[in-house]
Structures are given as structure tokens and as C-alpha cells.
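> Fold the stuff below for me.
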Amino acid sequence: MFVAFYLWNQRYAASYLFISILPYAVIYMLVCLTSFYYFGLYDFQFSIKPFDCFFRVFLAIVAAAIFFSTFHYFFPYFLPTEPVKRQLMLFTSLMCIINGCVSRYLYFMFISSKTLDEKLLIVGGGEFAKQTAQLVLSRKDLKHKIIGFLDSNKSKIGLSLVNPTILGLYEDVYSIAKQHDVNRIIVALEDRRGNLPIDGLMHCKLNGVYVEDAVHFYERLSGKLFIENLTPSNLIFADGFCVSPTKLKIKRLCDIALSSLMLFVTSPILLLIAVLIKMESRGSCIFKQERVGENGNIFYIYKFRTMPTDAE
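Numbering: from 1, shown residues only. Down below sits the predicted model:
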């Protein structure tokens, strides 16, 4: 992108070699990748909607541009020439936004192809199974097709739970999955004791059918926990608590860098707010309060006072 800009702008391309802009390009690339990672654009565990994805791309590029502008303010020698500084920054940021949105639009177009439809079979006929199906039907951007439901009550076979019907009993899971060429089975049972068709699910698993717990499936699609059916086993076997030390250090570094940057950028506004608070009422403009953090550690938060000093 940087080379293309220099070739496009022939007034400056003839005066500077590629090596002179290489550090600039590498640093900007690393900042953009870190910003994309921080805004969750490389986290494919959860399925986000296209509009949310495009909005995150825009925020990530804006954050990267602000960070890089501040970085260049303190280290100006990384930019090869002063006259093209603003053009280069605006052009690169604009191209990153366009490229990020276009590439993700093509990705959403690809996954929306009918050849990628994933057929779902929901094991369960209660309220939990119904809410899971409603979530799937509400996500038009994901190509999930619900084949039907399974229930323990034979008299309910043929009844419509949401839109698809109840196709059979729990013990019929393997035959129904094979008959309808099911790709994924969602287990949405309120009580698994004595109801979970272990043999049928094992046959499906050995034949390449994904078997997923409905709580994890619901969280993956919505980004929220289904508290009503959350059991201790879901928390014990969940992998969300396993965070590598490297990832924690990267997150901490990003938190410090972005918060320091925003503090620097918004410092004039913060100073004005502090003056207005002092003019409006007596007392300190900063409010200090004790909070409990990770592993029970005590820390203090500092924020602008919004109430009288004796409000507590």
C-alpha cells in the first residue's frame, strides 16, 4: 500500500527509495494488526453480524491512525518526508478501511452460499430447545438450517415447536441424522440424566457429525451466556478461563498503550471538565473509591465527581 502510494505520487516517489518507507510500513502494519486483534476481528469463536464487523473495522483503523499519529509525533524520523505526511496517513487509513470492509464482505458472501448450508438437528423439545431455535432463525447472516427436533414424548412427533417439527425420539438421533444428512447436532436438554442418547450421539460423532452443547452454541452465536441452563459442568469444561500468559501480556500492553493514548488526546477536555466541577461545587473534582478486582485484589478507581462530597 505504501509503495503503491509512492508510485502514484510521482513527485515524491522519485526522491525516496523503498527502504526509506519500509520501517514506516512495518510499524503501521503491526499497529493495524494489533488494533484488529484488540477489536475482536480475528476471533472466529463468536459469530458477529456484518454491520457490527464493518463498524469494528472502522473503529480499529481509527484507533490505529490515532495511535500512529501520536507515535509519529514523538518519533518523527520514521516518516521519510514532511509534505506527504498527511496525504500518506489519510490514504493509508482510507485504503485499510476499504480493504477491511471489502474483504469481510466477500467473506460474508462466501459463507452465505447455499453450498455451505449447515443442517442442524436439535435434541430436545422444551423451552431451551425452542429459544435456541429462535436464535438460529434470527441470524439470517448465518447459513444454518434447522431440520427438526427430537423429544422424549412419542405423542409430540409431528408437532411444530417453532417452525420445524419434532421428527422423532431421542433414541432415533442417529437414524434421523443419517436420513437428513445432518451436519451438527445441538443437545438442548433441560435434564440430561436418563435422557441423553449416548449411543446414538456416539455413532453420529464417529460418522463426522458435530455434536455441540446448546449452552456453548448459544454463547457462540449470541456472545451471551444462557444463564437459565448454565450448569457447573458447563463452567468446568469450558475453555474460556484458559488464557495464556502471552495473551494476557499482549492485552495488558494494548490496554496501557490505548488508555495512555486516549488520556493524552482527551487531556484538554478532561482539564476543562475538572475546572467546571470545581466551579460548580466545593471539594475535590476527583472521586476515589475502593473496588475488588481479580483474585480478590483491592484497587482504587479515580473518576470525576458527579455528586456532592457528602453524598455517601
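> OK, contacts around Asn163?
Ala133, Leu137, Ile146 (CB atoms under 8 Å, 6 or more residues apart in numbering). All C-beta atoms are positioned from the backbone trio N, CA, C, and that covers glycine.
> what about it, is that helix, strand or coil?
Per DSSP: H, G, I helix; E, B strand; the rest coil, the secondary structure class of Asn163 is coil.
> For it, give its distance to Gly148.
Computed as CB to CB, to the nearest Å, the Asn163 to Gly148 distance reads 10 Å.
> where does this protein have low pLDDT?
Applying pLDDT under 70 to the chain flags the ranges 1-24, 43-49, 72, 74-90, 108-116, 140-141, 229, 233-243, 309-312.
> Which parts of it are strands?
118-123, 144-151, 166-169, 184-187, 210-213, 286-292, 298-304 (DSSP state E).
> Reformat these into TSV and put distance to Pro232 and mean neighbour count next to each item.
Output for the strands of the chain, formatted as TSV (distance: least, CB to CB, whole Å; neighbours: other CB atoms under 10 Å):
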stretch	distance to Pro232	mean neighbour count
strand 118-123	21	22
strand 144-151	25	21
strand 166-169	28	20
strand 184-187	17	23
strand 210-213	13	16
strand 286-292	23	11
strand 298-304	28	9
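> okay, these in TSV with distance to Ala129 next?
Below are the strands of the chain laid out as TSV (distance: least, CB to CB, whole Å):
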stretch	distance to Ala129
strand 118-123	5
strand 144-151	6
strand 166-169	10
strand 184-187	8
strand 210-213	12
strand 286-292	38
strand 298-304	42
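> what's the closest of the ones you listed to Leu159?
Closest approach to Leu159 among the strands of the chain is made by strand 166-169 (5.4 Å; CB to CB).
> Please list the outside residues in contact with stretch 123-142.
Contacts to stretch 123-142, defined as CB under 8 Å, 6+ apart, come from residues 47, 49-50, 108, 111-112, 120, 122, 144, 146, 149-153, 156, 161-164, 166, 170, 173, 185-190, 197, 201, 214, 217-218, 221-222, 226, 228-229.
> swap in stretch 263-278?
Applying CB under 8 Å, 6+ apart, the external contacts of stretch 263-278 come out as Ile66, Thr70, Cys285, Ile286, Phe304, Arg305.
> again, but for stretch 143-155
Residues contacting stretch 143-155 (CB under 8 Å, 6+ apart): 111-114, 116-125, 129, 133, 136-137, 157, 161-170, 172-173, 176, 180, 182, 195.
> domain assignment for this structure?
The record's domain parsing of the chain by automatic domain parsing lists 2-111, 116-230, 266-304.
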